[in-house]
Each structure stands twice: as C-alpha cells, then as structure tokens.
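Asker: Could you work out the structure for the sequence below:
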Amino acid sequence: MRITISMTMLGLWSLAVTAAAQQVPESLLPPPTNQVPAALIPPATNLLTHTLAAKAPDAAWEELQSASHRPEPPAQWQAKEPSEKEMADFLMPYALALMDKAKDFYTRFPQDGHALEARKQEMEMTGVAVSLGATNQQSRLDTAEKTLLADPALSEDDRFSIRQNDIERAAQAKESEGEAVAVAELEKGVRALQKEFPKRPELVQMLLEIAGDAESGKARALLQEITNSSAASDESKQSATGELKKLDLVGKPVDLRFTAVDGREVDVSKMKGKVVLIDFWATWCGPCVAEFPHVKEAFEKNHPKGFEIVGVSLDQEKESLTQFVSGHNMAWPQYFDGQGWDNKLAGQFGITSIPAMWLIDKKGNLRDLHARSDLSGKVEKLLAE
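Answerer: Take a look at the predicted model:
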C-alpha cells in the first residue's frame, strides 16, 4: 500500500528543513555577508553538535537556520545509489543534532518571536528521525505534537499537517496486518479529519489515494463521494470521474494492439490463456524504476507458467527507453510514441499517473487496476484460475 507519494530520505530531509526556512520573514533575513555587523555573525556551525554556541537570541536563531541546511551527501553516492540503510545511517546523526539544537533555542529563549518556529522545527526533525528508524524518539515526537496542538498561536495549516501525519503513521503501523486493514485505518483517520477540517482539499486527495488501494466496490463509492463533494476542486472531481470510467473497464476485454519499439507485433486480445500485466511507466519516473525489480522478479518467476508483460512507455526520448531495456534485460515488448504524457495509449485508457499496472486474466478480461501491491501473488492467483 502506498499511503503517500514515494519520497526518498534525502527528499524527506529537504522537505523538513525547507519548510522551516520558509518561515523566516524576509525582514529577518541577514543582509549580504559584507554588511553583517561582526557582533551578529554566529559562531561557525557544526552540524553534528546538539547545542547552539551563540549566546544572544538573534545570533542563535541565525546559527539554527545555518544548521538547517541538508548535509552534503557522500561523493560516492554519485557513482552508486545508496541503500535506504546507508541513507538512514548517514542522515540520522544530523537529524538528532538538529532537533536538539531547535529545543536548545526555545528552551533558552522561550519569549523570542522564533520560539514557536523552533518548536515546529524540533517536531519536524524528530519526525524525520523516527522515519529513519529512531523509534525510541516516538514519545518525544508525540509530546512535541501535543504541545504544538495546544498552542493557540499555531496556524490551521500547521495544525492540519500535524494531524495528517498522525493518521498516516497510524495507517503505516497497520501495514503488517494487511493492505485492507491499513486502508481502513487511513480512511478512519481521514473521516476524523473531515470533522475537524471540513474544507481542506488535501482530504479529497487522500480519499482519492484510498480509492486507489480499495476493492472496486469501495473505490466506486469513494469516487462518487468525491464527485459530489463541495470541498473537491474541479481537478479532483475530474480525476475521480476518470477513475470511475476506468472502473467500468474491469471485467471487460482490453483493446490494446501496437508495434513495439523492437518491431514485435502486440495484440492483447490474442493472449488469451495467459495472464498479462500492462505496465504504464517511464524511465524518468522514480517510483517506476523502484518497482522494476519487483516486476522483473514476478516475470522471471511466472513467465514459464504463462505470465506476460506489455510495457507502455511514456518516455519522450527513444534512446533513454532502449538503453534502459537493454541494460536491464527487459524481455517484454514496449510501446513508444515519444509523446510523454500525451502518449496515445495512456490517453486512451485515462492514465494520469504512473506507475500504473493493470492485470488481465486468462479470459482476456481486465481484473485489477492496481496490481503494484503484491504483484507476484496476484499473478499466481490468476494463473491458478
């Protein structure tokens, strides 16, 4: 289950520190370096220390902001993409240090105008630390969130963000019990948020995501709710309408035929007796590339039993596609027209986000619009029919 859009750990760090930096009013930003009075220049900032060296509040705030920059990743990551563990091990000390620096600021300068921002930064970086694996910091995160929510000066946007993070973490904690349980927990949280924040458009987007993970009957009900919602934007309503149209395709044959980039003729209607995955993707799509090992594993495991894959690439550069296909030994055919999001087949089937994976059963009927989750298990189940 993908509760939120996939985000790398480095991206998560960037999001937290950028949010903090955006809170600094322009009038408080320091002038160019050659104009800063010597007395206001903060001491050199060590990103790994847990306290601020500056004694005065203005200098301490400048030091905290200076410490909020994302650390430079190791040079070897340019040549070889790090594993999640390597990223976590690298970023963890910085996250722990920064959240302590933020606490040091508001503890020493509780009446300063930046104290609330420092509390928010502590909460954000504690959340990063927890996401990196520091589960022993969960109680500190809970306390930081509770304290902020009790502060009447906290904005509605910040209040909503905290509550949203709460329900997403609660849903993620249920993933070990199965996708259906996690989806139900997320919807439960969204319904609670709707009572607290009835006009927030983010909740409509969350319902769209839930619909994407729900079984067809539940998905249809959620999508119809969105199309009738006064809180939904025109764009969200259009997305829901498009998803409803795709649901209408389930249980019916898919008319998909083309000449692949390697010259092979593909006609899904002639693949009856096999289980077929239609994979809408692109080489520039990070989540698509991240899914590739799972797709290839499912293919290698189940191809001898009658499993086929048909790729529909939204790439614009043919060379990018052919080099990826060759370099990763992709044995299945690929559709390519170089039109990106205006791809003919993507438009024909209402694809508005990728990766999108559809499964077709041995009778040639579309059975699953969201095959990413447990792909191999779903394929094996259809092969057994």
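
Asker: helix, strand or coil for residue 266?
Answerer: strand (DSSP: H, G, I helix; E, B strand; the rest coil).

Asker: can I assume it is in contact with residue 255?
Answerer: No: between residue 266 and residue 255 there is no contact under C-beta atoms under 8 Å: 11.9 Å. (C-beta placed from N, C-alpha, C; glycine too.)

Asker: Looking at those two, which one has more neighbours?
Answerer: residue 266 (19 against 10; other C-beta atoms under 10 Å).

Asker: my guess is residue 105 contacts residue 52, does it?
Answerer: Yes: with contact defined as C-beta under 8 Å, residue 105 counts as touching residue 52 (6.1 Å).

Asker: Now the common contact residues for these two.
Answerer: 60, 64 (C-beta atoms under 8 Å, 6 or more residues apart in numbering).

Asker: quick one: average pLDDT of the strand or helix carrying residue 169?
Answerer: When elements are assigned from DSSP states H and E, residue 169 belongs to helix 156-173. Averaged across helix 156-173, the pLDDT comes to 91.

Asker: Extract the C-alpha set from the helix or strand just after it and format it as CSV.
Answerer: Using DSSP H and E, the helix or strand that follows helix 156-173 in sequence is helix 179-196. Only the C-alpha atoms of helix 179-196 are listed here, as CSV (Å, rounded to 0.1, in the frame of the first residue of the first chain):
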residue,chain,number,x,y,z
GLU,A,179,-3.4,-3.9,3.0
ALA,A,180,-7.1,-3.9,3.7
VAL,A,181,-6.5,-3.2,7.4
ALA,A,182,-4.1,-0.3,6.6
VAL,A,183,-6.5,1.2,4.2
ALA,A,184,-9.4,1.0,6.7
GLU,A,185,-7.2,2.7,9.3
LEU,A,186,-6.3,5.5,6.9
GLU,A,187,-10.0,6.1,6.0
LYS,A,188,-10.9,6.1,9.7
GLY,A,189,-8.3,8.9,10.2
VAL,A,190,-9.5,10.9,7.2
ARG,A,191,-13.1,10.7,8.4
ALA,A,192,-12.0,12.1,11.8
LEU,A,193,-10.1,14.9,10.0
GLN,A,194,-13.1,15.8,7.9
LYS,A,195,-14.9,16.6,11.1
GLU,A,196,-12.1,18.8,12.3
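
Asker: Return the set of buried residues in the helix or strand following helix 179-196.
Answerer: Downstream of helix 179-196, the first helix or strand assigned by DSSP H and E is helix 201-213. Across helix 201-213, burial judged by 16 or more other C-beta atoms under 10 Å covers 203, 204, 205, 206, 207, 208, 209, 210, 211, 212, 213.

Asker: show me what contacts the residue lying closest to residue 261 once chain neighbours are set aside?
Answerer: For residue 261, ignoring the flanking residues on the chain, the nearest one in space by C-beta to C-beta, 6 or more residues apart in numbering is residue 336 at 4.5 Å. Residue 336 makes contact with 261, 313, 315, 318, 321, according to C-beta under 8 Å, 6+ apart.

Asker: Format these as a markdown table; extra columns: distance to residue 86, neighbour count and pLDDT.
Answerer: Output for the contacts of residue 336, formatted as a markdown table (distance: C-beta to C-beta, whole Å; neighbours: other C-beta atoms under 10 Å; pLDDT from 0 to 100):
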| residue | distance to residue 86 | neighbour count | pLDDT |
| --- | --- | --- | --- |
| 261 | 35 | 18 | 93 |
| 313 | 30 | 30 | 95 |
| 315 | 29 | 23 | 95 |
| 318 | 34 | 13 | 94 |
| 321 | 29 | 24 | 94 |
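
Asker: Start from the N-terminal end of the protein and give the helices.
Answerer: Ranges of helices in the chain, per DSSP state H, are 9-21, 57-67, 84-108, 115-131, 138-149, 156-173, 179-196, 201-213, 216-227, 234-247, 286-302, 318-327, 344-348, 375-383.

Asker: do you know which of these lies nearest residue 369?
Answerer: Across the helices of the chain, residue 369 has its closest neighbour in helix 234-247 (5.8 Å, C-beta to C-beta).

Asker: And the contacts of that closest one?
Answerer: Residues outside helix 234-247 that contact it (C-beta under 8 Å, 6+ apart) are 201, 204-205, 208, 211-212, 216, 219-220, 223-224, 226-227, 229, 232, 349-350, 352, 369.

Asker: now the angle from it to helix 216-227?
Answerer: 150 degrees (axes from the mean of the first three to the mean of the last three C-alpha atoms, to 10 degrees).

Asker: Show the average pLDDT along helix 234-247.
Answerer: Across helix 234-247, pLDDT averages out at 86.

Asker: That one to helix 201-213, inter-axis angle?
Answerer: 10 degrees.

Asker: Just give me how far helix 234-247 sits from the chain centre.
Answerer: 20 Å (C-alpha atoms, centre = their mean, to the nearest Å).

Asker: Pull out the buried residues from it.
Answerer: Neighbour counts using 16+ other C-beta under 10 Å place 236, 237, 239, 240, 243, 244, 246, 247 of helix 234-247 among the buried residues.

Asker: Stretch 308-321 now?
Answerer: Neighbour-count burial for stretch 308-321 [16+ other C-beta under 10 Å]: 308, 309, 310, 311, 312, 313, 314, 315, 316, 321.

Asker: where's the closest residue to residue 127 other than its chain neighbours relative to residue 87, distance?
Answerer: Nearest non-adjacent residue to residue 127, counting by C-beta to C-beta, 6+ apart: residue 141, 5.8 Å away. Between residue 141 and residue 87 the computed distance is 20 Å (C-beta to C-beta, to the nearest Å).

Asker: So for these two, which sits in the more crowded spot?
Answerer: Counted by other C-beta under 10 Å, residue 141 and residue 87 do not tie: residue 141 has more neighbours, with 24 against 19.
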